[in-house]
Every structure is written in structure tokens, then in C-alpha cells.
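K.L.:
no sequence for this one, just the structure:
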Ligand SMILES: Cc1ncc(COP(=O)(O)O)c(C=O)c1O
């Protein structure tokens, strides 16, 4: 690549990872809908496989070309280079076929049978299901921790601790976790080895939060959300401080078959060029809406980082650059009021998922978080009256009007 080093992410997100000289001087990346790649010779084919299977360390060998699109392909590589360039602290990245593929492939790479995984609840419902119902089948126990419980949990499980997994802000409550404090707690409890800290950064993205600069080792994304940004693809991504960790995760990806396919990787790379514009506009829109929402009599409480007080406000200031565009509102009148509100929306669509250019609303208790246990729901504050909003790029006044009218209908 000829691009100068240390570009601002708003610049590198536009074209990092793409070299026109490798693509007939096209100014934007082409798609490579190709399953298999020709080798220059049989000897080189044998060497490529030795490197790909880890029999020769990639660093000690001259570069290898592409083999087969389940292992690697140009569109995934271009997106990964772009993500690495904007994720502060990242040395390498990997693209996946969904956020869940990124999470499951990464956890299955880094945790071993007999170990414990500590996570702070709530986490996204799919992650919660994987942790509580699937990991035990592989003899990995996932243990939920609440605010203030970290020292005790780390003291109790330090000997068998394999991984720590955090989602901040959490889906759907927007609760934030102090990453530096959890990292320091892990290092105090386990001084003799490095325990990997994984952070799902889907809600704030590389634009507003850089977990790798706050003690995390691996950052995970549902790229379906803000990275893709148009509700027209499903994908996932992982970035890490240590390139060897990404190499191990990519080996798992090759055998699980969870690489993002070329067309989706191409769409993702195209979306990265507008990531800063979209997320900045969406965050500003959300911040404008929260005062109207807070003032409405049908609303009991609004959760948005711009309204945080006390310790949550301190965490927000210390590790985030903007509040983002996810809002959770608690309606007076519980589930019936929440359903009346959702059914009355006209502009904001009633749908799961988030982070797209269009605004969406959903009722987590009966949809994305419906499989969480009663205890987890109570401990996490996922109430019957809670509605999650993902604010898009529309004009905020139109959104305000739609939300106010639907709140009137819910009262
Ligand atoms: C915070 C978070 N992480 C992970 C996921 C899973 O991503 P995907 O649906 O792309 O598999 C989601 C999906 O909603 C999510 O909200």
C-alpha cells in the first residue's frame, strides 16, 4: 500500500486496504466472486499449504498467495485491513459471516475445556444463549458477574479462568463497564499469566470507543449493525492487539467455515467509507431526541450515555468519545404500554437489529432477550416496559414527531 502511515481513521476508513495497482487501476475495490486460486507452481502450492496449516511460521516464509475462499479472499482481506487501520491498538482483524460466527469462533479458539468464562450481564441474547446453553457442552462454564462483583468472582475462579467477556454499552440496557478496572482486577487476581479480555464493541464501534486502548485484547463486532450500516447484510468482525491471536482465530474460521463471503465483504468495505459520517450523525440525532423522550409523561426513564450520572457518567467520559445512537426507554405501564407505543410508530420501524441508516424500535423482553432467565432479566434491568431504539440518519424532528405521537398513544 502506498498510503502514508498514521492517517486519521476518517481518512483511512475511505480507502485503506485497497491498492488500485492490484485491480486494473480501479479507484474502488472490485468483487472477487471466486472460490479457488491458481498456484504459480506445484512447489509453491505445497509451501502455501505448509504456511496455511502452521507447519512453517508465516513470519519466517516469503508471502504466500491465495488458496481457497474458505481460508481467505481479497474482499475479506481488504475489509480486514481497513478495520485494522481504524480500530485503535489493533494489529490485525478477521471478517466473519455474522456477529455470532465471530463470537463463537473466537471463544472456541481462546477457551479450553475445563476453564471458566466470566462475563458481565446483560449480553446480547444470542451470546447469552451460546454461553449458558452451548459452552457447558464443551465443559466450559460461563459465569455471570454483576457490577461490584468482579473482585469476588475473580478471586473465586482465578485458577481456572480462561476468558473474560464484556459487552459495553450492553445490549439492551446501555449499561457501561469500566474496562481499565476489569483489566486491572484480572491482572491482580491472575498475576502469573495473561487472561484474554474480549469486548463486544458493537454499540459504539471504532468511531466512539477503543477497547484495545483500555486493556482489552480482542474486540468483536456484529458488523450487521453500524459497520454495515444499511440493514442489508449480515456479518461479523474481530480485531486484536496480537496478530498471533488473529492467526489462531482465522485457523478456527477456516475449519468452521465462518469467513464472510466476497460480496458481503465488499459491501462492508464500501460501508466503512461512511462509518464516521453515519455514526456521528446518528449520535447527534439520538442526543437531540433524549430530552423530548425524558420530558414525556408516558416515559419513566431514558437510558442514553448523554444522560448518565455518577459512576456510569465517569466511565462514559473516561472511555467513550460520544454517546452513540442507541436509546432504551422504560415506559410507565409496562408491557401493554410498550406494545401500544411500538404499534403506533409509523416512521420508526418495529424490528430487531440496529445501527442502520433507518430508525428501528423493539421490545427486548419478548424478542432479542426473550431467552434470558428471569434472574438475568431482573439483575440486568430488562423490564417489561423497556423499549430499545436505534436512531438512524433521518431528520431528528420527523423522528421526534413520530416518537411523541406513539408515546401519546401509549399513555
Ligand atoms: C451487541 C451484539 N453482539 C452480537 C450480535 C450478534 O450479531 P449477528 O446478528 O450479526 O450474528 C448482536 C445482534 O444483535 C448484538 O446486538
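P.N.:
Arrived safely. Since this is a predicted model, take the numbers as computed values, not measurements. Numbering: from 1, shown residues only.
K.L.:
need phi/psi at the residue in the chain that the ligand sits nearest to.
P.N.:
When scored by CB to the nearest ligand atom, the chain has residue 99 as its residue closest to the ligand, at 2.3 Å. Bear in mind the C-beta positions are built from the backbone N, C-alpha and C, glycine included. Main-chain torsions, residue 99, degrees, to the nearest 10: phi -60, psi -40.
K.L.:
swap in residue 151?
P.N.:
Reported as degrees, to the nearest 10, the phi and psi values for residue 151 are phi -60, psi -40.
K.L.:
from here on, count from 309
P.N.:
Sure, I'll start numbering at 309, so the last one becomes residue 459.
K.L.:
wait, doesn't it sit right on residue 493?
P.N.:
Yes. Proximity of residue 459 to residue 493 meets the contact threshold set by CB atoms under 8 Å, at 6.1 Å.
K.L.:
so the two - more neighbours on which side?
P.N.:
Between residue 459 and residue 493, counted using other CB atoms under 10 Å, the more crowded position is residue 493 (18 against 13).
K.L.:
tell me which element the more buried one falls in.
P.N.:
With elements taken from DSSP states H and E, the one containing residue 493 is helix 487-497.
K.L.:
next SSE downstream of that helix?
P.N.:
Taking DSSP H and E, what comes next after helix 487-497 is strand 504-508.
K.L.:
pull up the pairing partners for that next one, direction included.
P.N.:
strand 469-475 (parallel), strand 526-530 (parallel) (DSSP bridges).
K.L.:
any bit of the last one sitting next to the ligand?
P.N.:
Yes. Applying CB under 6 Å from any ligand atom, one finds that strand 526-530 is in contact with the ligand at residue 530.
K.L.:
the following helix or strand past that strand vs strand 504-508, what angle?
P.N.:
Once strand 526-530 ends, the next helix or strand along the chain (criterion: DSSP H and E) is strand 544-548. Inter-element angle recorded for strand 544-548 and strand 504-508: 140 degrees (by axes from the mean of the first three to the mean of the last three CA atoms, to 10 degrees).
K.L.:
is the ligand contacted by strand 544-548?
P.N.:
Yes. Using CB under 6 Å from any ligand atom, strand 544-548 reaches the ligand at residue 544.
K.L.:
in its sheet, what does that strand sit against?
P.N.:
Under the rule (DSSP bridges), strand 544-548 has strand 400-404 (antiparallel), strand 526-530 (antiparallel) as partners.
K.L.:
now those strands as a markdown table including mean neighbour count?
P.N.:
Formatted as a markdown table, those follow (neighbours: other CB atoms under 10 Å):
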| stretch | mean neighbour count |
| --- | --- |
| strand 400-404 | 28 |
| strand 526-530 | 28 |
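K.L.:
tell me which of these lies nearest to residue 679.
P.N.:
Of all those, strand 526-530 sits nearest to residue 679, with 17.0 Å by CB to CB.
K.L.:
right, and the helix or strand after the longest helix seen in the chain?
P.N.:
Determined from DSSP state H, the single longest helix within the chain is helix 583-603. Using DSSP H and E, the helix or strand that follows helix 583-603 towards the C-terminus is strand 607-611.
K.L.:
who touches that following strand?
P.N.:
481-483, 598, 601-602, 635-640, 693, 715 (CB atoms under 8 Å, 6 or more residues apart in numbering).
K.L.:
what about these, which are in strands?
P.N.:
Those of the contacts of strand 607-611 mapping onto strands are 635-639, per DSSP state E.
K.L.:
can you tell me which of those is nearest residue 516?
P.N.:
residue 635 (14.6 Å).
K.L.:
wait, what's in contact with that closest one?
P.N.:
Neighbour list for residue 635: 482, 594, 597-598, 601, 610-612, 696-697, 699 [criterion: CB under 8 Å, 6+ apart].
K.L.:
what subset of the ones in strands among the contacts of strand 607-611 is buried?
P.N.:
Neighbour counting with 16 or more other CB atoms under 10 Å marks 635-639 as buried within the ones in strands among the contacts of strand 607-611.
K.L.:
those also near the ligand: which ones?
P.N.:
Answer for those near the ligand: none qualify (CB under 6 Å from any ligand atom).
K.L.:
which one of these sits closest to residue 675?
P.N.:
Among these, and counting by CB to CB, the member closest to residue 675 is residue 636, at 13.5 Å.
K.L.:
the closest one contacts residue 699, doesn't it?
P.N.:
No. Under the criterion of CB under 8 Å, residue 636 makes no contact with residue 699, lying 11.7 Å away.
K.L.:
separation between the spatially closest residue to residue 663 that is not a sequence neighbour and residue 662?
P.N.:
Of all residues not flanking residue 663 in the chain, residue 533 sits nearest, at 3.1 Å (CB to CB, 6 or more residues apart in numbering). With distances taken as CB to CB, to the nearest Å, residue 533 is found 5 Å from residue 662.
K.L.:
which residues do the two both contact?
P.N.:
residue 511.
K.L.:
who's more crowded, the two?
P.N.:
Neighbours per residue (other CB under 10 Å) separate residue 533 from residue 662, with residue 662 holding more: 26 against 22.
K.L.:
contact partners for that one?
P.N.:
Counted by CB under 8 Å, 6+ apart, residue 662 has contacts 511, 533-534, 634, 668, 696, 698.
K.L.:
tell me the SS of residue 388?
P.N.:
Classification of residue 388 using DSSP: H, G, I helix; E, B strand; the rest coil returns helix.
K.L.:
for it, which non-adjacent residue is closest in space?
P.N.:
Spatial nearest neighbour of residue 388, chain neighbours left out: residue 401 (4.2 Å); criterion: CB to CB, 6+ apart.
K.L.:
and the pLDDT for the one you found?
P.N.:
pLDDT, residue 401: 98.
K.L.:
quick one: residues contacting it.
P.N.:
Residue 401 neighbours (CB under 8 Å, 6+ apart): 387-389, 391-392, 395, 545-548, 554.
K.L.:
as a check, name the ranges of all strands in the stretch 309-458 of the chain.
P.N.:
400-404, 424-428, 449-453 (DSSP state E, counting those that start in this stretch).
K.L.:
mind putting those in CSV, distance to the ligand included?
P.N.:
Output for the strands of the stretch 309-458 of the chain, formatted as CSV (distance: least, CB to the nearest ligand atom, whole Å):
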stretch, distance to the ligand
strand 400-404, 8
strand 424-428, 12
strand 449-453, 15
